[in-house]
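>>> missing the sequence, but the structure's below:
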Ligand SMILES: Nc1ncnc2c1ncn2[C@@H]1O[C@H](COP(=O)(O)OP(=O)(O)O)[C@@H](O)[C@H]1O
Ligand SMILES: [Mg+2]
C-alpha cells in the first residue's frame, strides 16, 4: 500500500497554510496584480490587459484622488484629537466616580455596540435639513428659522461626519485611558503632591506622561479605523454632494464597484494603505518613545 | 525647621478606627522614629502629618500652623517613600529639581540646589540617568536628595530602607543619620525594624494597634520598657519572659524552683507575673559577667548554640521555657551540656501576667 510521507509538522501546519493562502495571499497578490491591468469588473477578460504603472501614474495626477486623500488625513487629525481630548476628560471623570463606576463604564461602551451603518443612518436623520432632529430643535428653540443644510454644505457635512465618528469612537480612548489611570502607580502621584504640585500640575507632570503610552495605543488603533472610514460616510453623504465629503475609500469603492474600474481602484487602494502604514508606524514610534521614557521595557 | 504637635489625632476608615487619639510632641530638629509591628498605624499617622490622608479627629500642628485642612503642598514637608516614588520619566537631575521647578525658582538657584544635594548624596555622576537605570540604593539616595533640595520644615520617611538588602540598609542608615547631623531638620521616620529605630532615633515612639505604647530615648525604652510588649519588641534577641508567681519575697518558676526577687519592684504576694531577662543579663559563669550586687544562679542544659564570633548565643531551658543567653569570650559548648548561669537581677523586669504592665517603680 502506498502512503504519502509528509513530515508531521508540515501535515499539522497544512490547514493553516491553505487557509492563509486562500484568504490572504491569493487576494493580495491578485489585487496587487490587477492594479497593473486595465481590469474592469464588467469585462473580466480585461484582467489580462497589462498596462504597467499606468493606474498609479493616473492616481498621482488625479485631483479628485488627492482631494479625498487630504480630506481623509484632515478627518483623521480632527477626529483623533477630539476623541483623545473628550476620551481623556471622560476617563478622568469616570475614574473619580466611586459608586456605580462599573455601570458607567458599560454605558460608555454603548456607542461601540451599534453597527456603524445604523449610526450613519441615525445621524443622517438627525442632520437632515428638512425632517432632521437638529434643525427641528434649533427652529423650535428659535435659534434659527432657516433649514441649515447640514449634509449639503461642504464644511457642515464634514463637521457632521466628524461628529458621528467622535460619537461612535470616543469610548475607545476613554476605555484605554481609564485602563491607564488604573495602572498608574500611586507613589509618584503622592510624591508630586508633597513636592508642591497643584492637582493640575500633578496631572500635567506625572499622570499624563504615564497615560501617553495608552493614548498612543488608542491613536494607532483609531488611525487605522479612520483611514479606512467608509460605512458612516457612505450612508450619511456617500461622499457627496458633488464630492464635497469624498474620502479615500468612498472614492475607491465607487471607482471599483460603480464605475467598475477595479484595476484603477486597486491602485488607489494600495496608495491608501501606505497612508495607514505611515500613521501606524508613526504612532508606534511615539508609543515606544513614551514607554522608554517611563523606563518600561524595550 | 519647625516642631510638630499631634493632639488627640484620630483616623477612621469608615467605621474602623486605625489610629486612636494619639498625642505626640516633636521638637525642632528632633529625629523621632515611629516603630511598631506591621499594620499598627505608623504609615497612617505619617500620612496624616503629610496631608496625604484626611485627619478624622484632633489637630496636627507644624510650626505655628494647624495644618489639618492644608493640602500637602502647603505644609512645607518632604517625604521619602518606601518604593522611592521617583518620577520614572525624568532624569535624576529633573527629579531632584522638580519641586523647585514647580515653585518657579530661577534656573540658577535650582541648578545650585541640585548640585549641592547631589554632592551630599554622591549622586553627581548619576545626574543624567533615568531612575530605571539606577540600583535600589541609588534610587533611595535620589529620593532623599529630592527631599532635601527643598529645605523643608520637616522630613517624613516611610520605611525608606525596607526594600534594600541588609548591607545597603546598614550603610544608608549611617547616611541618613549623617544627613540629619548636617541639615538638622526635624525628621519623623517610620519603620517596623527596631534596630533601625534604636540606631537612628533621638526618641522612639512605639505603637501598637493604633495606640502609642511608649515614648522615650532608645536607652529608656530599652532599659525601662513600660510593658511586656515593648520589652519583647525592642532589643535583639527579644527579652526572655518566664511565667512565675510571687511567693514569700521570691519568684517561684513553673517547675517550682525559685529565684530571688529582683530589686526595685512593687509586687504583692501570690501575684502572677512574667519574669523578664535579656540575654545580656544571663551568662554562663566564668565568661566576663559584669559584677553586680544582685546575682542569682541557675543551672540549665544548653539545647542549641549560635556562634556570632565575639559571642555565642546559647539556647537553654529554664523551668520548661526556652531562654536565650549570651556567652562572651566563647568556648565550644556541646548540646546537652549543663552550665551554671549567673543572672544580673538588678537588670531584670517583672510584668503583670494579665495586663503586661511593668512592675518597676
Ligand atoms: N485605605 C485603607 N482602608 C482601610 N483600612 C486601611 C487603609 N489603609 C490602611 N488601613 C488599615 O489601617 C491599619 C494601619 O495601616 P498602616 O498605617 O499602613 O500600618 P503600618 O503601621 O504597617 O504602616 C492597617 O490595619 C490597615 O489594614
Ligand atoms: Mg506602613
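Nice, I can see it. Only a predicted model underlies this, so the values are computations on that prediction, with no experimental measurement involved. Ligands and ions are numbered 1, 2, ... in the order given.
>>> wasn't residue B:351 part of a strand?
Yes. When DSSP: H, G, I helix; E, B strand; the rest coil is applied, residue B:351 is found to be in a strand.
>>> so who does it touch?
Shown in contact with residue B:351 (CB atoms under 8 Å, 6 or more residues apart in numbering or on different chains): B:227-228, B:231, B:241, B:273-274, B:276, B:357-359. To be clear about C-beta, it is placed using only N, CA and C from the backbone, and glycine gets the same treatment.
>>> now with 10 Å, please.
B:225-232, B:239, B:241, B:273-276, B:357-360 (CB atoms under 10 Å, 6 or more residues apart in numbering or on different chains).
>>> are any of the residues you listed buried, and which?
Buried members of those, scored by 16 or more other CB atoms under 10 Å in any protein chain shown, are B:225-232, B:239, B:241, B:273-276, B:358-360.
>>> so what's the residue count around residue 33?
In the absence of a named chain, this looks at chain A. Residue A:33 has 14 neighbouring residues, counting by other CB atoms under 10 Å in any protein chain shown.
>>> try chain B instead
Residue B:33 has 25 nearby residues by other CB under 10 Å.
>>> model confidence score at it, please.
Model confidence at residue B:33, given as pLDDT, is 97.
>>> likewise for the one 4 residues further on?
Reading off the confidence values, residue B:37 has pLDDT 94.
>>> what residues does it make contact with?
B:192, B:194, B:206-209, B:229, B:233.
>>> ok, 8 Å please
Counting by CB under 8 Å, 6+ apart, residue B:37 makes contact with B:192, B:208, B:233.
>>> and if you look at residue A:86?
Residue A:86 neighbours (CB under 8 Å, 6+ apart): A:166, A:170, A:173-174.
>>> quick one: the helices in the chain?
Going with chain A. A:8-20, A:26-34, A:54-60, A:63-96, A:101-113, A:116-126, A:133-140, A:154-183, A:186-194, A:199-202, A:208-227, A:231-236, A:248-253, A:262-293 (DSSP state H).
>>> nope, chain B please
Going by DSSP H, chain B shows helices at B:42-50, B:92-102, B:107-120, B:136-148, B:166-183, B:194-200, B:218-223, B:228-233.
>>> turn those into JSON lines, including distance to ligand 1.
Below are these laid out as JSON lines (distance: least, CB to the nearest ligand atom, whole Å):
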{"stretch": "helix B:42-50", "distance to ligand 1": "3"}
{"stretch": "helix B:92-102", "distance to ligand 1": "24"}
{"stretch": "helix B:107-120", "distance to ligand 1": "27"}
{"stretch": "helix B:136-148", "distance to ligand 1": "18"}
{"stretch": "helix B:166-183", "distance to ligand 1": "18"}
{"stretch": "helix B:194-200", "distance to ligand 1": "13"}
{"stretch": "helix B:218-223", "distance to ligand 1": "17"}
{"stretch": "helix B:228-233", "distance to ligand 1": "13"}
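>>> as JSON lines, those with distance to residue A:186 would be great.
Listed next are those as JSON lines, based on distance: least, CB to CB, whole Å:
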{"stretch": "helix B:42-50", "distance to residue A:186": "11"}
{"stretch": "helix B:92-102", "distance to residue A:186": "17"}
{"stretch": "helix B:107-120", "distance to residue A:186": "25"}
{"stretch": "helix B:136-148", "distance to residue A:186": "15"}
{"stretch": "helix B:166-183", "distance to residue A:186": "23"}
{"stretch": "helix B:194-200", "distance to residue A:186": "24"}
{"stretch": "helix B:218-223", "distance to residue A:186": "33"}
{"stretch": "helix B:228-233", "distance to residue A:186": "29"}
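>>> and these: which comes nearest residue A:251?
Closest approach to residue A:251 among the helices of chain B is made by helix B:92-102 (48.5 Å; CB to CB).
>>> which strands and helices sit next to that closest one?
Packing partners of helix B:92-102 (3 or more CB pairs under 8 Å, 6 or more residues apart in numbering or on different chains; DSSP states H and E): helix B:107-120, helix B:136-148.
>>> which of those is buried the deepest?
Mean neighbour count, computed with mean count of other CB atoms under 10 Å in any protein chain shown, is highest for helix B:136-148 among the helices and strands packed on helix B:92-102, reaching a mean of 24.
>>> can you tell if that one touches chain A?
Yes. On the criterion CB under 8 Å from any CB of the partner chain, helix B:136-148 is in touch with chain A at residue B:146.
>>> report the angle between that helix and helix A:186-194.
20 degrees (axes from the mean of the first three to the mean of the last three CA atoms, to 10 degrees).
>>> any idea how far helix B:136-148 is from the chain center?
A distance of 21 Å separates the centroid of the chain from that of helix B:136-148, by CA atoms, centre = their mean, to the nearest Å.
>>> kindly report the same for stretch B:288-308.
The mean C-alpha position of stretch B:288-308 is separated from the chain mean by 27 Å, CA atoms, centre = their mean.
>>> and residue A:129, backbone torsions?
Taking degrees, to the nearest 10, you get phi -80, psi -20 for the backbone angles of residue A:129.
>>> contacting residues around the residue lying closest to it once chain neighbours are set aside?
Nearest residue to residue A:129, sequence neighbours excluded (CB to CB, 6 or more residues apart in numbering or on different chains): residue A:147, at 4.5 Å. Neighbouring residues of residue A:147 by CB under 8 Å, 6+ apart: A:129-130, A:135, A:139.
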